[in-house]
Structures are given as C-alpha cells and as structure tokens.
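Enquirer: Test case, fold it:
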Amino acid sequence: MAQLADPHRILCFGSFEIDILSGELRRQGLKIKLQDQPFRLLVLLVGRAGDVVTREEVREKLWPANTYVDFDHSLNTAVRKLREALGDSAESPRYVETLARRGYRFIPPVVPRRTAEVAPAMADITSVAPSPTELLSTSARRLLTLAIVVVICAAALAAYWMVPRPAPSTQSGRRLTLAVLPFDNLTGDADQEYLSDGLTEEMITQLGRLEPDRLRVLARSSTWKYKRADRDIGRLRRELGADYLLEGSLRQAGERVRVTAQLVRVDDQSQVWAETYERHFRDVLILQSEVAETVARTIAVALTPDARARLARARPVRSEAYQDYLRGRFFWSRRTETALKQALGYFQKAIAADPGYAPAYSGLSDSYTSLGASSVVGGLPPRQAMPEAKAAALKALQIDSTLAEAHASLAQVHLLYEWDLAACETEFRRALELDPNYTAAHHWYSHCLLALGRTEESLAESKRALELEPLQLVVGIHLGWHYLYTRQSDQAIEQFRKTLELDPTFPQAQRYAGWAYLQKGMHPEAIAALRAALHSLERNPEIEGELGYALAVAGRRAEALAMLEGLGHLSATRYVSPYSIALVHAGLGDRDQALAWLDKAYAERSDYMPYLRLEPMLDGLRSDQRFVALVGRVGLPGR
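Expert: Next up, the predicted model:
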C-alpha cells in the first residue's frame, strides 16, 4: 500500500494549494506552472499570511549574498509572475498586496490541507455536541487556530528550505545550447544603447568560442527580436530550442559600470546562477571573461587549457576606447557609406585612446574594406582604402595574433584587393580555427572558395554561415549570391524570396533578385527589382550600372545610355568603379568599350576582378581573347 503524503506539507488558500516539498502550485487539482523564484516567494508570503514581509526580508531569504542580481528588477519580476499564476492584480489584489516602500502581505487565510479536508465534518459534529474550543471566547479560538497553522507552516517551510535544490544537469554526451538575450540598457539614456548591445554581442562572442563542440551559442540575429519584448520562458524554449538563457542588464555611472547577469535553465525555468558586478569601465573585458567562465562552469562545460588561456588574455582597456569601439561596430553594422565613415572616426578615436587595443584595428580594417569594395558598399577608390585596411589588420595581429576577427580582416584584403587566393584561404582557415562560430569568416571564406572554383566547399561554408545566423539578412542573400554564380537561378530566386520574407524592403535582396531574373531572361522583372533596390538606396553606382545593363539587354538602348551618362556625372562628385561602366557597355554589345573599362577596373584593383570567370553579365565577352588574357592577369584558376 502506498504511503500517504504528509498533509501538513500542503497548504490551502482559496481554490489553491501549494505542495511545499514538491514545489507545486495547484488549483482545483490542476498544476499551475510557476518558476522556482516566484514559488519561493509564494512560500515565504504564505508562511507569514496576514503579516507584512519587508523587502529586506525577501532579499535576505531569496537573494542572499553571492547570488544577488538587480534586486529591484528581480523582485518585481517574481511578484509579477506570481500574480499571473494566481490571476491576481496589483490594483485590486486578492492574494498579494503591495505596501509601497515597505513590502508585501499575503491576504487570504491559509490552512493545512488536513484542516481544509476535515472542516465540513467538524461542522457536523459541533452541531451535535459542543467541543472544548467552543467554550473559549471567539478571539481565543482564533488565536489558537492561528497558532496551530503557524506552527505547521513553519515546519513545512523549514522542510522546504532544507530540501536540496536540483543542481544543473551536466547533460553528458549532448551539446548544450545557450541563448544570450539582449542585455537591458538601464542607463536611462537611449543614446547609450550601443553599450548594452555591445555587451550582448561580446558575451555571445566570448561564450561562442569557448568550447563549440560542447556548447552551441545562438547568434545575435536569433535572439535580437526579444529585445524589449516579453520574455516568456515557454515561448523562448519553443522558438529557440535553448537549454539555458543568459540575460541581464547594464547601468553606467561615470567611469563605473554595473552589470547584472542571470542564467536560467529552460526546462524547469529555474535560476541556476546570478551575480552583480560593479567595476571600473576599463575592466569590462575582464568582467566578460569572468562571466563566460562562470557560465561554462555552472552548466558543467569543461574548458580546455586553450579556452582558459583565451579567457586569461583579457586585459584592461581604457573606457573611452572601449566605448568608441562599440560605437564603431554599431555604425559598421549598418553598411551604408555615411555610417561606415562614422565608424572609421570612432575606431580611430578608440585607437588614439588605447593604441594597444587590437579589436579597434580590426574594426578599422573592416570599415576601410567595406568602403574600398564596390561589391560591399564602395565610396572610396580601392587604392586609397585597401592599403589602410591591410595596415590596420596587420597591426591588430601584431598586438594579438589569436584574434580571429583580425585574421578574417586580412583575408578580405587578400581576396578583394590583392587577389591572392592562397593567402586568403590561409587566413580564413586560421580565423575559423580560432573561432569556429565566427559567422562573417564562414560567409567571406565562401567567397574565396567560389573564386577558387571549389563550388561545393563554397556552398557548405555559405550554408554553415546561415545555420549560425538564420535571420541575418546579409548571410541569407549570400547563399542566393552563391547560386547566382553557379548558374542556379531558380534556387537563387527562392533564397532571395526567403530573405525578402524577413524584410520585404531589403535592397540587396531586391538587387540580387534582379540578377537572377536576368539569368532567366525575365527582363521586366529584373528592371523592376533593380529599380526597387535603387529607390531604397537613392544613388548607388553599382546598382545603377546593373540597371543600365538590364535596360540594354532588354532593348531599351536610350534608357541604358541615359544611365551611362548619369554615371559619368556622378563620378564628378564621388567614386564610381570602372566596372559599373563596363557592365553597361557589355549590355549594349560594345565589346571594345566594355574591355577598355574592365582594364581600368583592373588597374584600380576592383574587388569584382576575382569573380570575372563567374560573372553571367560578362558572358558576351568570354570568346574575346582580350577577356581571356584579363582573367589570366588576375590570376584566377581555370575551369
């Protein structure tokens, strides 16, 4: 016969009951999901029903020293979740009453389940014969009942607090998944958003490169939609498939920064670790390493000596340098000419403030590369921008040869400017060895492999990048770009369609969709797509050249010539790549002019040169020996 549960551990109020030892809240027999911390708060309040439980008492019991987070935020969250479970409200409380600046009071009476179960029977008995307690005054009876309940509650609460809480599961043999949610900006200044955003990205990077075979860290694009959104754990579990969530907040006051972080296990919604750090801003990188190591240790991911060494290399950085670096990355990620020039300025300021901070040089290199590569953004002549990009990447590696971002920065210069595909591949491989989850390196390495003619490997790298960041628009269109250069136009159109579902106005997806329509001979659709991309970007020489080509092959010669004239006028005010002008001449069937402008593009080290052998819009020139010779001069491998 099964042993009956101890009824004194089950307390009842209204239509609810709580099982102290099993940690369950039930309503009319049905279990109601309640996270560990709100449940512990409920037990505390129930044990003091009718009394005021001060905020200090709650802090001492639920958030003792060494597990302290942002107390106000955490307590408010726990109270809100408790009220949601009880169907209660702060405005008209039936269960949990807030006493401003003091604490909380549990309103309804609480009795053990045995008392609740026998109450009707006792009523029948007392109708026949008086009990001893009936001889007491009403107030005395109430005091006696209250005393009994208090004793029972105290015993049950003691048992609850003494029950060991389950430790985080090691989940041996399985790769764990961690989602880093956007840290909250508590500075009260929207202009400081880059600080909390930057901290989130740095935590993703730090954790992602620790032990990728044991710990998968979801990319920024997968979690950014939860910024300032309701973070229902059940929903996050369904949408992200994560085992753990890391979330927190940042507050800055002068040169001091206060960072709170907490780690939540998703399956039972329990908080397994929490901490608050108050440091000088120069120590923020060391702080990030400490958090990363603590998270890994908490979820039982054993760090290799290499991983520990990477964390140990964290060094203090001047606060103004780090903040300017974060501002630089913020503007670099926007990928417009104006934003990139702002990024340049911030990276230069960061370097001036702390000349030994390697990531700032890598950011400077990436900004120059984006401005010097017409296929990326353009805006500066390659011969002006790319030597600066290389010098910055080399300086970053001189300071820290283990910085994956710097190896990828240097690889980009080898690919887009020097056309040294062997050196490019070496640097990308080193970057991915240092950080296997570095999405940009997978993305850019795919370009290198495509130029080398290794299309299957290129496709695998492109898909790997998209696996790491499935919601990253640039990565999404790159897979379509791969299909374009391997003449799989239907697959390309499908991939661009998927990207446009995420953002119907994304101009680069519209642009490359136009390329795919050109491959299929769908000229009206191609022209419409390219015009839509231009409408979003205003003036853009690269897309204007492609539109001129599309108009020319569609037989709209006068409009194509007008585009050509417009590019000529635009070149008086900003850099226009000769490659764009060559495309329009190629569409018009003017081989001599097209090849002459391609020679100029070669002389200016255009970043389109590594893809000459693949470019469908240059198919009309392939039989010309001058074009064959140009491909040879670039040094591209044969088919």
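Enquirer: While we're on the most centrally placed residue in the chain, how confident is the model there?
Expert: Centroid-nearest residue in the chain, with C-alpha atoms, centre = their mean: Arg220, separated by 1.6 Å. On pLDDT, Arg220 comes in at 72.
Enquirer: State the number of residues packed around Ile18.
Expert: The tally of other residues near Ile18 (other C-beta atoms under 10 Å) stands at 24. For glycine as for every other residue, the C-beta is placed from the backbone atoms N, C-alpha and C.
Enquirer: doesn't it fall inside a helix?
Expert: No - read with DSSP: H, G, I helix; E, B strand; the rest coil, Ile18 is strand and lies in no helix.
Enquirer: That one contacts Leu44, correct?
Expert: No - applying C-beta atoms under 8 Å as the test, Ile18 and Leu44 come out as separate, 11.4 Å apart.
Enquirer: Surely Val257 is in a helix?
Expert: No - read with three-state DSSP, Val257 is strand and lies in no helix.
Enquirer: let's have the chain start at 24 instead
Expert: Sounds good: first residue 24 from here, last item Val280.
Enquirer: how close does it get to Asp212?
Expert: As judged by C-beta to C-beta, to the nearest Å, Val280 and Asp212 stand 14 Å apart.
Enquirer: Settle it for me: which of the two has more neighbours?
Expert: Val280 (23 against 10).
Enquirer: Show the pLDDT at that one.
Expert: pLDDT, Val280: 79.
Enquirer: Domain boundaries for this protein, per the record?
Expert: 30-185, 199-338, 340-458 (automatic domain parsing).
Enquirer: how about Leu269, secondary structure?
Expert: Under three-state DSSP, the three-state class of Leu269 is strand.
Enquirer: which residues pair with it across the strands?
Expert: Beta bridges link Leu269 to Val203, Leu286, judged by DSSP bridges.
Enquirer: Count the neighbours of it for me.
Expert: By other C-beta under 10 Å, 25 other residues sit near Leu269.
Enquirer: again with the one 4 residues further on
Expert: Applying other C-beta under 10 Å, we find 22 residues neighbouring Leu273.
Enquirer: Would you check how far apart the residue nearest to the centre of the chain and Trp467 are?
Expert: 17 Å.
Enquirer: Ok, Met586 next?
Expert: 30 Å.
Enquirer: who's in contact with the host helix or strand of Glu83?
Expert: When elements are assigned from DSSP states H and E, Glu83 belongs to helix 78-85. The list of residues contacting helix 78-85 from outside it, by C-beta atoms under 8 Å, 6 or more residues apart in numbering, reads Gln60, Arg63, Leu64, Leu67, Tyr91, Phe94, Leu98, Ala101, Arg125, Gly126, Tyr127.
Enquirer: Val498 contacts Trp467, correct?
Expert: No - counting by C-beta under 8 Å, Val498 stays clear of Trp467, with 10.6 Å between them.
Enquirer: How far away from the center of its chain is the host helix or strand of Cys447?
Expert: Taking DSSP H and E as the criterion, Cys447 maps to helix 444-457. Chain-centre distance of helix 444-457: 25 Å, with C-alpha atoms, centre = their mean, to the nearest Å.
Enquirer: tell me the mean pLDDT over that helix?
Expert: pLDDT averaged over helix 444-457 gives 94.
Enquirer: Give me the contacts around stretch 543-550.
Expert: Under C-beta under 8 Å, 6+ apart, the answer for stretch 543-550 is Ser512, Asp513, Ile516, Gly537, Trp538, Tyr540, Leu541, Leu570, Ala573, Leu574, Val576, Ala577.
Enquirer: Show the contacting residues for the fifth one.
Expert: This points to Trp538. Leu507, Ala515, Ala549, Glu569, Pro639, Met640 are the contacts of Trp538 under C-beta under 8 Å, 6+ apart.
Enquirer: Against Leu263, how distant is the nearest residue in space to Ile227 that is not next to it in sequence?
Expert: Using C-beta to C-beta, 6 or more residues apart in numbering and skipping residues adjacent in sequence, the residue nearest Ile227 is Val203, 4.9 Å away. Noted for Val203: a distance of 11 Å to Leu263, by C-beta to C-beta.
Enquirer: One more: Val75?
Expert: 40 Å.
Enquirer: Those two: who's more crowded?
Expert: Between Val75 and Leu263, counting by other C-beta under 10 Å, Leu263 is the more crowded of the two (18 against 13).
Enquirer: Spit out the contact partners of that one.
Expert: Contacts of Leu263 by C-beta under 8 Å, 6+ apart are Thr200, Ala202, Leu241, Ser245, Thr246.
Enquirer: Same list (those residues) but as a markdown table, adding distance to Leu259.
Expert: Listed next are the contacts of Leu263 as a markdown table, based on distance: C-beta to C-beta, whole Å:
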| residue | distance to Leu259 |
| --- | --- |
| Thr200 | 11 |
| Ala202 | 7 |
| Leu241 | 10 |
| Ser245 | 11 |
| Thr246 | 9 |
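Enquirer: mind listing which of the residues you listed are in helices?
Expert: The helices, defined by DSSP state H, take in Ser245, Thr246 from the contacts of Leu263.
Enquirer: For PyMOL, what selects the buried ones among the contacts of Leu263?
Expert: Filtering these down to the buried ones (16 or more other C-beta atoms under 10 Å) takes a single PyMOL command:
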select buried, resi 202+241+245+246
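Enquirer: that older thread, single out whichever of the contacts of helix 78-85 has the smallest pLDDT.
Expert: Looking at the contacts of helix 78-85, model confidence by pLDDT dips furthest at Tyr91: 42.
Enquirer: contacts for the helix holding Cys447?
Expert: Here helix 444-457 makes contact (C-beta under 8 Å, 6+ apart) with 232, 425-428, 430-431, 433-435, 437-438, 461, 464-465, 467-468, 471-472, 474-475, 633, 658, 660.
Enquirer: Spit out the residues that contact Val203 and Leu263 alike.
Expert: What both Val203 and Leu263 touch, as defined by C-beta under 8 Å, 6+ apart, is the set Leu241, Thr246.
Enquirer: sorry, back to before: for the helix holding Glu83, which positions count as buried?
Expert: Val81, Arg82, Leu85.
Enquirer: quick check, nearest of the residues you listed to Val307?
Expert: Ranked by distance to Val307 (C-beta to C-beta), the buried residues of helix 78-85 are led by Arg82 at 26.5 Å.
Enquirer: confidence score at that closest one?
Expert: Arg82 is assigned 81 on the pLDDT scale.
Enquirer: same question, Thr462
Expert: So, for Thr462, pLDDT stands at 87.
Enquirer: Now the buried members of the contacts of helix 444-457.
Expert: Buried positions within the contacts of helix 444-457, assessed by neighbour count (16+ other C-beta under 10 Å), are 232, 425-428, 430-431, 433-435, 437-438, 461, 464-465, 467-468, 471-472, 474-475, 633.
Enquirer: So which of those residues belong to helices?
Expert: Here DSSP H is the test, and those give 427-428, 430-431, 433-435, 464-465, 467-468, 471-472, 474 as lying in helices.
Enquirer: Can I get the residues you listed in CSV including distance to Val607?
Expert: CSV is the format used below for those (distance: C-beta to C-beta, whole Å):
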residue, distance to Val607
Ala427, 40
Glu428, 37
His430, 37
Ala431, 33
Leu433, 34
Ala434, 31
Gln435, 27
Ala464, 34
His465, 34
Trp467, 28
Tyr468, 32
Cys471, 28
Leu472, 30
Ala474, 24
